[in-house]
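Colleague: please work out how this folds:
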Amino acid sequence: MYELLKDSTLFQGLSEGERENALRALSVTERVYQKGELIFSAGDTVDRMGLVISGGVTIESSDLWGNHTILSHIDPGQFFAETYALLKDEPMLVDVCVNEESRILFLRLDTLQGAEPWIAKITRNLLTISVRKNLALSLRSFHTAPKTIRERVTAYLNTEALRQRSRTFRIPYDRQQLADYLNLDRTALSKELGRMRNDGLIEFRKDHFVLK
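Modeller: Next up, the predicted model:
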């Protein structure tokens, strides 16, 4: 677990000894989940944050009327549920679902009390993680703001091309998940992707895209 955590954003700026102290204090545990399992459910209160070691999870929102939305995807090396772990009496408003078989490390945050220098560093790193999450949510607003299906798709694919620094890339969603992320009907999304391919704008196969 030490090897997995020491290069993570959470441990940046800590000395070897501080990392060892943090590991003991944060009560790190590990669990393997299968595709489709829920890690946390809306309404849960939690005292731990998660770190994806392998696989991936999605942050999802479902309401009582059956509306389903994917808010973000958490890749290996990224954290989730840190805000709720810090505000441990605040019920979660989202589900955290495993996208594929995944290894997850959990870290308790209710132990971050005291004046040790490593606690201040961990707190600063948590702020960095939180700011990056806010940026990801802002990007989703940017992707879902356009009125037409094509505009939403091109906004998302353009972001991925910039993020991955290539016109050829893979996305972390299957077709239904992409539709949920963009707030679109799956059939309508698939038809528009076909039209964009016919128009010479893109090539794609499953999660692999090429921008022309």
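Colleague: per-residue confidence for Tyr2?
Modeller: The predicted structure scores Tyr2 at 69 on the pLDDT scale.
Colleague: helix or strand right after the helix or strand that contains Leu71?
Modeller: With secondary structure defined by DSSP states H and E, Leu71 is part of strand 68-74. Taking DSSP H and E as the definition, the helix or strand that follows strand 68-74 towards the C-terminus is strand 79-80.
Colleague: name the helices or strands packed onto that next one?
Modeller: Judged by 3 or more CB pairs under 8 Å, 6 or more residues apart in numbering; DSSP states H and E, strand 79-80 is in contact with strand 48-62. C-beta here means a position set from N, CA and C on the backbone, and glycine is covered the same way.
Colleague: try 10 Å this time
Modeller: Helices and strands touching strand 79-80, by 3 or more CB pairs under 10 Å, 6 or more residues apart in numbering; DSSP states H and E, are strand 48-62, strand 95-108, helix 117-144.
Colleague: partner strands of the strand holding Leu71, parallel or antiparallel?
Modeller: strand 48-62 (antiparallel) (DSSP bridges).
Colleague: now the partner strand and helix 117-144, what's the angle there?
Modeller: Taking axes from the mean of the first three to the mean of the last three CA atoms, to 10 degrees, one finds that strand 48-62 is oriented at 20 degrees with respect to helix 117-144.
Colleague: state the mean pLDDT of strand 48-62.
Modeller: The average pLDDT within strand 48-62 is 93.
Colleague: work out the gap between it and the centre of the chain.
Modeller: Computed by CA atoms, centre = their mean, to the nearest Å, the chain-centroid distance of strand 48-62 equals 6 Å.
Colleague: what are the buried residues along that strand?
Modeller: Of the residues in strand 48-62, those buried under the neighbour-count criterion (16 or more other CB atoms under 10 Å) are Arg48, Met49, Gly50, Leu51, Val52, Ile53, Gly55, Gly56, Val57, Thr58, Ile59, Glu60.
Colleague: and the residue lying closest to the fourth one once chain neighbours are set aside, what does it touch?
Modeller: Same thing as Leu51. On the basis of CB to CB, 6 or more residues apart in numbering, the spatially nearest residue to Leu51 that is not a chain neighbour turns out to be Leu105, at 4.4 Å. Remark: with contacts taken as CB atoms under 10 Å, 6 or more residues apart in numbering, Leu105 is in contact with 1, 4-5, 8, 26, 28-31, 48-53, 79.
Colleague: Asp185 too?
Modeller: Neighbours of Asp185 in contact, by CB under 10 Å, 6+ apart: Ile149, Ala179, Lys191.
Colleague: let's see that with 7 Å instead.
Modeller: Contacts for Asp185 were tallied using CB atoms under 7 Å, 6 or more residues apart in numbering; they are Ala179.
Colleague: how close does the residue positioned nearest the centre of the chain get to Ile59?
Modeller: In the chain, the C-alpha nearest the mean C-alpha coordinate belongs to Ile74, at 2.4 Å (CA atoms, centre = their mean). Between Ile74 and Ile59 the computed distance is 7 Å (CB to CB, to the nearest Å).
Colleague: then Lys147?
Modeller: With distances taken as CB to CB, Lys147 is found 25 Å from Ile59.
Colleague: any idea what Glu203 is bridged to?
Modeller: When bridges are assigned using DSSP bridges, the partners listed for Glu203 are Val210.
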